[in-house]
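Novice: Sharing a model that was predicted from the sequence below.
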Amino acid sequence: MTSPKADKVIDARDMEPPEPFVLTMEALDTLGSDQRLLLILTREPYPLYRALQNQGFSYLSEITLQGTVEILIWRTSAIKQ
């Protein structure tokens, strides 16, 4: 990602499932409405994407030149104007 502003970072490249998912969901419970979480993984977390959408989060994922997956996550605004 092009230097995203992230308030929290989880580097889960050396973790085994389900630890990255669990840590991400715990971090999102404390994420403020204007905060962002950056999750770094070695592969696409497809089950996480569905959970994020179901719980009102938006995300942007990018595969880096090093082959890692970086996912920037934030709360979707409940009020749309």
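Specialist: In hand now; what should we look at? Everything quoted here is computed from the prediction, not taken from an experiment. Numbering: from 1, shown residues only.

Novice: Now for the nearest residue to Val69 once chain neighbours are set aside: which residues touch it?
Specialist: Counting by CB to CB, 6 or more residues apart in numbering, Val69 lies nearest to Leu41, which is 4.7 Å off, once chain neighbours are set aside. Where C-beta positions appear, they are placed from N, C-alpha and C, glycine not excepted. By CB atoms under 8 Å, 6 or more residues apart in numbering, Leu41 lies in contact with Ala12, Arg13, Pro20, Thr68, Val69, Ile71.

Novice: Over to Glu44?
Specialist: Glu44 sits next to Ser61, Val69 when contact means CB under 8 Å, 6+ apart.

Novice: That one sits in which helix or strand?
Specialist: Applying DSSP states H and E as the criterion places Glu44 outside every helix and strand.

Novice: That one and Arg36, how far apart?
Specialist: Note on Glu44: its distance to Arg36, by CB to CB, to the nearest Å, is 19 Å.

Novice: repeat for Ile63
Specialist: According to CB to CB, Ile63 stands 19 Å off from Arg36.

Novice: Looking at those two, which has the bigger crowd around it?
Specialist: A count of neighbours by other CB atoms under 10 Å puts Arg36 above the other of Ile63 and Arg36, at 19 against 11.

Novice: I'm done for today, thanks for sticking with me.
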